[in-house]
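Q: After the sequence you'll find the predicted model.
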There are 2 protein chains.
Amino acid sequence: MLTISQLASYAGVTVRAVRHYHAKGLLPEPERDHSGYRRYDAHAVVELVRIRTLAEAGVPLARVRELLAAGEQEFSAAVADIDRRLRAEIRQLQRHRERIAQLAAGDSLALPPEVVAYLDRMRALGLPDRMVEGERDAWILVAAQLPEHMPFYMRAKQQQLDDPATLQFYRDLVHAPDWEPDDPRVAALSDQLVALIEADAEGSEGYQDAMPDELAQLLDAVFLTSMRIAPRLLELLEERGWRGWTKLERIPTPQRAAAVGRA
Amino acid sequence: MLTISQLASYAGVTVRAVRHYHAKGLLPEPERDHSGYRRYDAHAVVELVRIRTLAEAGVPLARVRELLAAGEQEFSAAVADIDRRLRAEIRQLQRHRERIAQLAAGDSLALPPEVVAYLDRMRALGLPDRMVEGERDAWILVAAQLPEHMPFYMRAKQQQLDDPATLQFYRDLVHAPDWEPDDPRVAALSDQLVALIEADAEGSEGYQDAMPDELAQLLDAVFLTSMRIAPRLLELLEERGWRGWTKLERIPTPQRAAAVGRA
DNA sequence: CTGGAACCCTGACCCAGGGTCAAGGTCAAG
DNA sequence: CTTGACCTTGACCCTGGGTCAGGGTTCCAG
């Protein structure tokens, strides 16, 4: 006759676990001796080892209880199911590993590699950290919603950096966060931007159409709070016939006067 | 400005999870509006996505909090550590899968394959299920304690089945569970067994020596409760100069008379 | 025979990572 | 004004046990 700790050590589990299995109905409560101690026979060791085998394979205890009572084919069906689950879990962990592996650099947290490449290029071109971080945060948002579009977006962004005029615009934007909203340089900036947009009207439209309005609004909100001149800049753009930021659209000509009137 | 459910849906988590992260200090509590609702800016989405990225990789939330505040190299050290953990977890799951794969048949629950082969052979030889199950339970106990010895034990058991006299003994044992302890056939059985033991005294000793006394006692207990004639059979064996069951040992000759006297 | 160590018992609280319910306040549309 | 969809906090639930508290038991040594 075995005590609970002997039973536990034969099966390689803790005493606490044995009592837990009793409580869960996996292992029947044995007879008690005169002082109330549980007394086990050797068969309990066998049962306990079987419970452990299933539990260690990741089978939830509630399921273990069913399986121990199940018939042959029910059991092997369940085993096949457990195996499927384990395979899925392994695949999941492998994906996590890949993601974690890209995490070594701070940027890549929550970002696919093509975005990291784009941000690295911005830095290499001498654009300041403040600006790179703004871009990073914006693309984290997009990547969370539209991970499958990221390579596409990043190709478009890389093409922007290939264009000397666009690059110059970014460089001029560097100091903008420090300006007051009524600084005359804001107007100059908006002129520069309109020139860029109109030079490359078809180029960027493709990717803007693929972005849901909701997301564009979120990104606009990020922009609007990122620097004090942002609201004024959008106002000036409206005066020049363009509305929005993330998803710029030309204000149809008949209404343009009204828009200017509002501004 | 976002409500909590908008924030949650942008980041792909539940509202409850967001509040949980607030409670754990992972995500700072935002401003409340006049009615007490939390109001988030877009930056919170970024933070939340980063938290998710780490948490999904299996990083405990307490650790996530530290990591978000950590510096570059501290962070990448932690990432390396997480990757190690993920690798270990994957390996663990793969081992579980192998074990589960052997579980398709009922026997193999908690048993290495060589034991399954042995049990299958018993069945193929026409030995009844009751006996096979008794053997199975006994070997589950041994395998739990001495997994590395199992191939060795099973080679010995297979050799027993190769021997026609031993096989015949097993066949004769089939009906023994139904006998009364004072059945005269029990004595015949003990004679048969002694003849077997003495014919093959060296053959089985090797594996018996490798088994701890404690385990042998446990197995004896299983045997003693498995059929009503078992205690009587052991008594008869002692009269014939052999003590025990799992680990049979010859009673030294001077003491033999005393042993018989006790019986 | 008496200590003390090592067991045993039950009941309770604790962890992550939330799910779910309850009871009430708020908001926008019809 | 009502309805339904939100929001709030608080509290309890789950798994698979770990750990503690407070008490009883057994066993071995002196």
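A: That came through, no problem. On a predicted model such as this, the values are computed, not experimentally measured, just so you know.

Q: Next one: residue A:213 from residue A:243, what distance?
A: 13 Å (Cβ to Cβ, to the nearest Å). C-betas here are computed from N, CA, C, even on glycine.

Q: interface residues of chain A facing DNA strand C?
A: Where chain A comes near DNA strand C, counting by Cβ under 7 Å from any atom of the strand, the residues are A:3-6, A:15, A:19, A:36-38.

Q: May I have stretch A:212-228 exported as CSV, CA atoms only?
A: The C-alpha atoms that make up stretch A:212-228 are tabulated as CSV, following Å, rounded to 0.1, in the frame of the first residue of the first chain:
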residue,chain,number,x,y,z
PRO,A,212,-9.4,52.2,-46.4
ASP,A,213,-10.7,55.7,-45.5
GLU,A,214,-10.7,54.7,-41.8
LEU,A,215,-7.0,54.0,-41.8
ALA,A,216,-6.2,57.1,-43.8
GLN,A,217,-8.0,59.1,-41.1
LEU,A,218,-6.0,57.5,-38.4
LEU,A,219,-2.8,58.3,-40.2
ASP,A,220,-4.0,61.9,-40.7
ALA,A,221,-4.6,62.1,-37.0
VAL,A,222,-1.0,61.0,-36.3
PHE,A,223,0.2,63.6,-38.7
LEU,A,224,-1.9,66.4,-37.3
THR,A,225,-0.6,65.8,-33.7
SER,A,226,3.0,65.3,-34.8
MET,A,227,3.8,68.9,-35.5
ARG,A,228,2.1,72.2,-34.8
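
Q: can you pull out the strands in the stretch 101-250 of chain A?
A: With DSSP state E, counting those that start in this stretch as the criterion, the stretch 101-250 of chain A has strands at A:242-243, A:249-250.

Q: what about residue A:166, how many neighbours?
A: Residue A:166 has 20 neighbours, counted by other Cβ atoms under 10 Å in any protein chain shown.

Q: Got the phi and psi for the residue nearest to residue A:179 when sequence neighbours are not counted?
A: Counting by Cβ to Cβ, 6 or more residues apart in numbering or on different chains, residue A:229 is the residue found nearest to residue A:179 once chain neighbours are left out, at 5.3 Å. Here is the backbone geometry of residue A:229 (degrees, to the nearest 10): phi -80, psi -10.

Q: And residue A:244, by the same measure?
A: According to degrees, to the nearest 10, residue A:244 has phi 90, psi -170.

Q: could you measure it against residue A:218, distance?
A: Counting by Cβ to Cβ, the gap from residue A:244 to residue A:218 is 13 Å.

Q: need the residues of chain A next to DNA strand C in TSV with neighbour count and pLDDT, can you?
A: Below are the residues of chain A next to DNA strand C laid out as TSV (neighbours: other Cβ atoms under 10 Å in any protein chain shown; pLDDT from 0 to 100):
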residue	neighbour count	pLDDT
A:3	14	95
A:4	18	96
A:5	11	95
A:6	15	93
A:15	14	96
A:19	15	96
A:36	6	94
A:37	12	96
A:38	17	96
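
Q: residue at max distance from the center of chain A?
A: Distance from the centre of chain A peaks at residue A:34, with 59.7 Å (Cα atoms, centre = their mean).

Q: which one is residue A:145 nearest to, not counting chain neighbours?
A: residue A:215 (5.4 Å).

Q: do the same with residue A:248
A: In space, residue A:248 is closest to residue A:242, 5.2 Å off (Cβ to Cβ, 6+ apart).

Q: contacting residues for residue A:94?
A: Residue A:94 makes contacts with residue B:90, as judged by Cβ atoms under 8 Å, 6 or more residues apart in numbering or on different chains.

Q: do whichever strand or helix holds it and DNA strand D meet at all?
A: Element membership for residue A:94, per DSSP states H and E: helix A:72-101. No - against DNA strand D, helix A:72-101 shows no contacts by Cβ under 7 Å from any atom of the strand, the least distance being 12.0 Å.

Q: Good, wrapping up.
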